[in-house]
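1. Take a look and give me a structure for this.
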Amino acid sequence: MLDVFLAFLRLGCTSFGGPIAHLGYLRTEVVERRRWLDDRTFAQLLALGQFLPGPASSQLGFAIGLLRAGWGGALAAFAGFTLPSALVLFVFAALLPRISGAAGEAALQGLELVALPIVAHGLAGMARRLTPDAPRIALAVAAAILLLLWGDAWVQLLAIALGGVAGMLMLRGAASGAGAPPRLAYGPRTGAALLMAFVALLAGLPVLARVAGGAVAVAEAFYRCGALVFGGGHVVLPLLAEAVVEPGWVSRDTFLAGYGAAQAVPGPMFSFAAFLGAQLEYGAGGAAGALLALLAIFLPGFLLIAGILPFWGALAARPAAAGAVAGINAAVVGVLAAALYDPLWTTAVRGPADGMIALAGLGLRFAWRGSALAVVGWCVAAKVGLALAGWAPGA
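-> Purely as a prediction, here's the structure:
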C-alpha cells in the first residue's frame, strides 16, 4: 500500500496535461519504471476505462492499485493521485493574487509545456506495444485524423467505439488484447454487488435529496456528475456548472476562477470538485464540503470499474472481444496522438521559444532519460527565465 501511495503521489504531483496525457504518465510509471503490470494487462484496463463513465485516468489508477495491493492499494492510488491537486485547488483562490506577475504567469505557462514531452514519450511507448502491425497502425491514424478534423468529446468516444468494431472484424484473437484475466481478491458476486450499489445510489440519491436536502443534495449532484459523464476531464464541466451554478450554490465568477486554476495543476480534472465543494453556499462548505464533493464525484466511476473487473478478463479472452480490445487500444493511440497536437501543442505553445523549450524537454526525456520532475523543472525554469529577460510570450 505504501509503495502504491508513493508511486501515485509522484504521479499526482507531476501529471500535467489532462486525462489523455495521464495515460502516458501511468504507463511510464507502472509498466516501464516499476513493472507492476505488463503491457497486455495495462491494455485491458485501458480499454475498459475508455468505455465506462467517470474519470478514465483515475479509474485506471484505481484498478492498478486494486490489482497491486487489494482494496487498500486502490484507495492508496486514489489518495496519492488526487490529494495534490485537490489540496492545491482548495487553497488556490487565496494564493492566486500573489502569482499574478509576469514570472508567475510564465511559471504557469511552463507547467502547460510539461505535458508535451511527457505525453510524446508515453505515446511512443504505447505505439510500439499497441500498434505493432499495419492494421492497428491504420486504425490509430484513422482515429487521429477523425479527432483532428472534429475535436468534440463525443468524437473521441466515437473513434474509440469504431476502433473496437474494426478490431472485432479485423483483429480477432489479437495477442495484445487477450491474456490472463486480472488477478483479483474478490469474485463475480462482489462485482455484481458493486454494480448494484452504483445503480441504487444513482436512483436513490435524488429521492433522498428531495426529502433531506442539504449535504445529501450536494452528494447527489456530484455523484450524478461523476456517473453520467463519458470522456472525463473537461467533459464534466458543463454538468458541474448545471449542478452548482444554476441553483445558486456557487457563483459563475467563482466557478470560472476555479476552472482556470484547475488548468494549471497536475492530476485529475475531477479534483475541481474540491474547489467547488469548499465554495458551496448551500448544504456544506469549507473542508467538509470539499471532501464530500470529492468523494461523491469519484465514487460512481470506482464502483463501476471495480464491479466490472471480475467479468472483464473472461470477456477479453474471447477472440472477438480480444480483437475489439486490440482495436480500442489502437484507437487510443490515435486519440493520444491527436491530443498531443490539439489541445496540448496548440494551447501551450505560443511562439517559437515555447516550441524550442518543449523540444528540449523531449530531448531530455528521450535522449538523456530525464525524469518527469526534471522535465517540469526545465520547462518552468526556461519560461520564467525568458519572462525575467523580457521575452514576449509570442516570441
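
2. distance of A262 from L146?
-> Here the criterion is CB to CB, to the nearest Å. By it, A262 lies 27 Å from L146. Just so you know, the C-beta spots here come from the backbone N, C-alpha and C atoms, and that holds for glycine as well.

3. So which of the two has more stuff around it?
-> Between A262 and L146, A262 has the larger neighbour count (other CB atoms under 10 Å), namely 26 against 20.

4. for whichever helix or strand that one is part of, packing partners?
-> Of the helices and strands defined by DSSP states H and E, A262 is found in helix 252-263. Here helix 252-263 is seen to pack against helix 56-95, helix 272-279 when contacts are counted using 3 or more CB pairs under 8 Å, 6 or more residues apart in numbering; DSSP states H and E.

5. What are the contacting residues of that helix?
-> Around helix 252-263, the neighbours that count as contacts under CB atoms under 8 Å, 6 or more residues apart in numbering are 85, 88-89, 92-93, 96, 112, 237, 240-241, 244-245, 269, 271-272, 275-276, 279.

6. Quick check: the closest residue in space to A43 that isn't next to it in sequence vs V141, distance?
-> Leaving aside its sequence neighbours, A43 sits nearest to N329 (CB to CB, 6 or more residues apart in numbering; 4.8 Å). In this structure, N329 lies at 14 Å from V141, with CB to CB as the measure.

7. Look at the two and report which has more neighbours.
-> In terms of neighbours (other CB under 10 Å), N329 is the more surrounded of N329 and V141; the figures are 30 against 15.

8. Report the secondary structure state of that one.
-> The three-state label for N329, taken from DSSP: H, G, I helix; E, B strand; the rest coil, comes out as helix.

9. what do you get for F16?
-> In three-state terms, and counting by three-state DSSP, F16 is coil.

10. same question, P53
-> coil.

11. go on, P132?
-> The three-state label given to P132 by three-state DSSP is coil.

12. Which strand or helix spans A115?
-> For A115, the element it lies in under DSSP H and E is helix 102-130.

13. Helix or strand next in line after that helix, which one?
-> Scanning forward in sequence from helix 102-130, with DSSP H and E defining helices and strands, the next element found is helix 134-149.

14. Name the residues of that following helix that are buried.
-> The neighbour-count check on helix 134-149 (16 or more other CB atoms under 10 Å) flags P135, R136, I137, L139, A140, A142, A143, A144, L146, L147 as buried.

15. per-residue confidence averaged over the helix holding A115?
-> Averaged across helix 102-130, pLDDT comes to 78.

16. buried set for it?
-> Neighbour-count burial for helix 102-130, with 16+ other CB under 10 Å as criterion, is recorded at 104, 106-123, 126-127, 129-130.
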